[in-house]
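Colleague: Here's a sequence, model it:
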Amino acid sequence: MMATTAPALRTVGRPPGVSDPPRRGLKGKQREMVLGRLSIVLGHGMFDAARRIIDEAEREFFLVPDRLSLDTPLADTTIGDHTRVLNQLDQHGILTVGELLGTTRIALLLMKNLGPRAVEDIVEFALAAAKEIEAGADATG
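Modeller: Numbers count the residues shown, from 1 in each chain. Sure, this is the predicted structure:
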């Protein structure tokens, strides 16, 4: 009888030239604290408690606002993930969603280092933010 060997496992990665998306995560003591709490509750089979710990960590450490308002800092929104855009807006005194909504497309185009594509991304974000704020106002009032 011939001995058969198992075929070698091949690892599958990203194609050459394609990088992983940027990762945001917990660092240092924050990470240790959350992982410690998770290991305790998961060790006892408390899956609902683990979900609550994960949800709490996402809200606390990733600064995801539950609902946008005119006073929401741009740094706490998805536009805040684009450092260059955020820096340019900051240099022109545009720090909140409300201040961005009060800025015209022409004013954005006149800002140094913001090209047409970046301006379109900003305008698209602003329109979505305005709809979300309006929907929130309709739901509460």
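Colleague: could you say what helices and strands the helix or strand of the chain with the lowest mean pLDDT packs with?
Modeller: Ranked by mean pLDDT, DSSP states H and E, the weakest helix or strand in the chain is helix 47-62, scoring a mean of 80. On a contact count with 3 or more C-beta pairs under 8 Å, 6 or more residues apart in numbering; DSSP states H and E, helix 47-62 meets helix 28-43. Bear in mind the C-beta positions are built from the backbone N, C-alpha and C, glycine included.
Colleague: Low-confidence bits of this structure, can you list those?
Modeller: Along the chain, the model assigns pLDDT under 70 to residues 1-27, 59-66, 80, 137-141.
Colleague: quick one, helices of it?
Modeller: With DSSP state H as the criterion, the chain has helices at 28-43, 47-62, 83-91, 97-101, 105-109, 116-140.
Colleague: Export these to JSON lines and append columns for distance to Pro73 and mean neighbour count.
Modeller: What follows is the helices of the chain, written out as JSON lines (distance: least, C-beta to C-beta, whole Å; neighbours: other C-beta atoms under 10 Å):
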{"stretch": "helix 28-43", "distance to Pro73": "20", "mean neighbour count": "12"}
{"stretch": "helix 47-62", "distance to Pro73": "14", "mean neighbour count": "13"}
{"stretch": "helix 83-91", "distance to Pro73": "10", "mean neighbour count": "15"}
{"stretch": "helix 97-101", "distance to Pro73": "8", "mean neighbour count": "19"}
{"stretch": "helix 105-109", "distance to Pro73": "18", "mean neighbour count": "14"}
{"stretch": "helix 116-140", "distance to Pro73": "12", "mean neighbour count": "14"}
